[in-house]
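Engineer: please find the sequence and the predicted model below.
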Amino acid sequence: MFRVFSPRALSALALLATLSSPTLAADWSLCPGLNEPGAPDSTTPRYEAFFSPYTHHWQHDDEHRPVFAASMSRLLPNDRSCGVSLFRNSFGQPSAYAFVGKTWPGFMPRYPKVYASVTAGILYGYVGRYKNKVPLNMGGFSPAIIPAVGYQLTPRNRLEVQIIGTAAIMLGTSWRF
């Protein structure tokens, strides 16, 4: 039987989701606004789906496999987001990344459709003989920070390049709805 995530991995992801709970603390939340309903007539997107069909590694390794990633984010006030990404890592292992993020739209005034963003969270999936391929890995879990630069094609569609540490860049597209 093929098992995607261990019970330990699922427990850690559940803990991260619990941290965003409004009952955790009255004044603090990992994902502020996550549970706030949108206006019924609002046309403002509340979610973003991201798909990456290609990752380019800086150094060739015969063990590298194609990386495909998909993520879903909840868009929050002040250009923030919370989400989860599911992917197969560079070594073919099922992996996940639970994150919070911030975007800076139009950070280059001369090019208003160019934006910058960064996400930070917990990565799971580099286990066994590949556990040392990511820093600070403990039992398959490690912290991650992923900066990105993107271009807004339309108000709902974007192209993005994510910088995956010193190992690679990931190219992808997103759709807001």
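Structural biologist: Thanks, I have it.
Engineer: shaky segments in this structure?
Structural biologist: 1-28, 37-42 (pLDDT under 70).
Engineer: could you pull out the helices for this protein?
Structural biologist: 7-19 (DSSP state H).
Engineer: nearest spatial neighbour of Glu160, chain-adjacent residues omitted?
Structural biologist: Gly150 (3.7 Å; Cβ to Cβ, 6 or more residues apart in numbering). For glycine as for every other residue, the C-beta is placed from the backbone atoms N, C-alpha and C.
Engineer: residues in contact with that neighbour?
Structural biologist: Contact partners of Gly150, counting by Cβ atoms under 8 Å, 6 or more residues apart in numbering, are Val114, Tyr115, Ala116, Ser117, Arg158, Leu159, Glu160, Val161, Ser174.
Engineer: who's it bridged to?
Structural biologist: Per DSSP bridges, the residues bridged to Gly150 are Tyr115, Glu160.
Engineer: return the distance of it relative to Asn35.
Structural biologist: Distance of Gly150 to Asn35, given as Cβ to Cβ, to the nearest Å: 27 Å.
Engineer: same thing with Val127?
Structural biologist: Relative to Asn35, Val127 is positioned 33 Å away (Cβ to Cβ).
Engineer: cool, Pro147 as well?
Structural biologist: Look at Pro147 and Asn35: by Cβ to Cβ, they are 28 Å apart.
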